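*Asks:* sequence first, then the predicted structure:
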Amino acid sequence: MKQFISDFNKLVKLRLTLTVVFSASISFLIGAKQQGDIIWINWLILTIGGFLITGSANGFNEIIERDLDKLMKRTEDRPLPAGRMTTGQALVLSLFMGIFGTLLLVRLNFLAGLLSVFAIILYAFVYTPLKQKSPIAVFVGAFPGALPPLIGYYAAFKSAGFGFEYAMVSEAAIVITPWVLFLIQFFWQFPHFWAIAWVADEDYKRAGFRLLPTTKKDTISAWMIFISAVLMVPVGVLPMYYGFGGWVFTVVSLLGGLLFAYYGFKHIKEMTDATAKKVMFTSFIYLPLTQLVLLFDFIPLK
């Protein structure tokens with residue numbers, strides 16, 4: 001049983017899944033604050049549904065990449081390449097999680113359920129195969145990667161088909177707020193994934209993954225990491241610009257963006273794994289911290 005739990009954690013990429021679920025659940029609470037009513041049972045349903053959806057997408061990803069995972073040190077101990085789980089077992093688990101997770105989210109909000117299915121398809125069946133083909137995979141993967149805040153936010157609202165029961169909620173709150181949350185997470189993924197790709201380049205090469213902008217650890221790739229890091233400064237101001245982010249959030253977000261830019265600049269100068277790791281660790285802290293601060297410094301739109 002202990003081995004199965006360990007293998008299940010690796011199949012669903014537990015740390016990654018929990019990060020995604022955190023993003024969606026915080027966005028749910030922001031959406032709930034917007035409409036003035038937090039229904040905690042719905043938050044729990046979203047958290048469980050989000051976990052299952054993300055776990056399903058990661059499971060499909062590992063099924064598709066099972067032979068490639070054997071070639072990389074960081075993934076060789078996953079249950080499929082290590083031979084502790086069959087493809088059939090992983091497929092049954094992934095299908096169950098995907099179907100049950102979607103049903104839970106559709107129960108909360110039809111659009112949230114629809115977006116979750118789109119996220120699974122885009123991540124597992126478009127992004128995953130692209131990783132061996134072209135660096136554009138990072139751009140494509142940023143779309144499903146940025147959907148959790150959108151799914152979480154919409155799940156806080158009751159829906160009738162494609163529409164929402166607005167109940168004193170402005171159109172800006174249904175359109176601008178969730179899409180700004182989407183944009184922040186979308187742009188965050190470029191310095192995040194490119195820094196990881198730089199650090200893990202040798203391992204990725206063994207599997208033929210091409211995730212750095214030029215597929216090499218060169219000056220252009222370093223500059224792209226820097227530019228993407230600098231972009232986090234203006235992106236972090238968007239919530240205040242649109243009127244739903246307070247000063248505390250904006251200061252924290254700006255400091256995080258400037259830290260991104262500083263380490264990105266150091267990386268241009270030195271172009272080492274150590275400087276890329278600084279960008280990577282900044283990305284680990286930036287997203288959950290800014291989302292948490294925004295939850296407490298959120299200004300509902302009229």
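*Replies:* Structure received.

*Asks:* only C-alpha atoms for contact and neighbour calcs from this point on.
*Replies:* Will do.

*Asks:* contacts for stretch 279-299?
*Replies:* 19, 22-23, 26-27, 29-30, 34, 185, 188, 191-193, 195-196, 243-249, 252-253, 256, 259-260, 263-264 (CA atoms under 8 Å, 6 or more residues apart in numbering).

*Asks:* got a pLDDT number for residue 71?
*Replies:* Note for residue 71: predicted pLDDT of 89.

*Asks:* just the buried ones from the contacts of stretch 279-299, in PyMOL syntax?
*Replies:* With 16 or more other CA atoms under 10 Å as the criterion, this PyMOL line picks the buried residues out of the contacts of stretch 279-299:
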select buried, resi 19+22+23+26+27+29+30+34+185+188+191+192+193+195+196+244+245+246+249+252+253+256+259+260+263+264
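
*Asks:* can you pull out the helices in the stretch 1-150 of the chain?
*Replies:* Assigned by DSSP state H, counting those that start in this stretch, the stretch 1-150 of the chain shows helices spanning 2-11, 14-35, 40-64, 66-69, 87-108, 110-122, 128-130, 136-155.

*Asks:* domains for this structure, by residue range?
*Replies:* 1-169, 171-301 (the TED database).

*Asks:* weakest of the ones you listed in terms of mean pLDDT?
*Replies:* domain 1-169 (a mean of 90).

*Asks:* how close does residue 92 get to residue 218?
*Replies:* 42 Å (CA to CA, to the nearest Å).

*Asks:* distance between stretch 57-69 and the chain's centre?
*Replies:* 18 Å (CA atoms, centre = their mean, to the nearest Å).

*Asks:* what does stretch 51-58 give?
*Replies:* Taking CA atoms, centre = their mean, the mean C-alpha location of stretch 51-58 is offset from the chain mean by 12 Å.

*Asks:* identify the residues contacting it?
*Replies:* 11-14, 17-18, 20-21, 93-98, 100-102, 116, 119-121, 123-124.

*Asks:* distance of the residue lying closest to residue 65 once chain neighbours are set aside from residue 144?
*Replies:* Of all residues not flanking residue 65 in the chain, residue 128 sits nearest, at 7.9 Å (CA to CA, 6 or more residues apart in numbering). Here residue 128 is placed at a distance of 11 Å from residue 144 (CA to CA).

*Asks:* same deal with residue 263?
*Replies:* Distance of residue 263 to residue 144, computed by CA to CA: 26 Å.

*Asks:* what's the answer for residue 209, then?
*Replies:* 19 Å.

*Asks:* cool, and residue 156?
*Replies:* From residue 156 across to residue 144, the span is 19 Å (CA to CA).

*Asks:* swap in residue 276?
*Replies:* For residue 276, the distance to residue 144 - CA to CA - is 24 Å.

*Asks:* these two: who's more crowded?
*Replies:* Ranked by neighbour count (other CA atoms under 10 Å), residue 276 and residue 144 place residue 276 first, with 27 against 22.

*Asks:* surely that one touches residue 265?
*Replies:* No. With contact defined as CA atoms under 8 Å, residue 276 and residue 265 do not form a contacting pair (10.3 Å).

*Asks:* element containing the closest residue to residue 143 other than its chain neighbours, please.
*Replies:* Of all residues not flanking residue 143 in the chain, residue 186 sits nearest, at 6.6 Å (CA to CA, 6+ apart). Using DSSP states H and E, residue 186 sits within helix 171-199.
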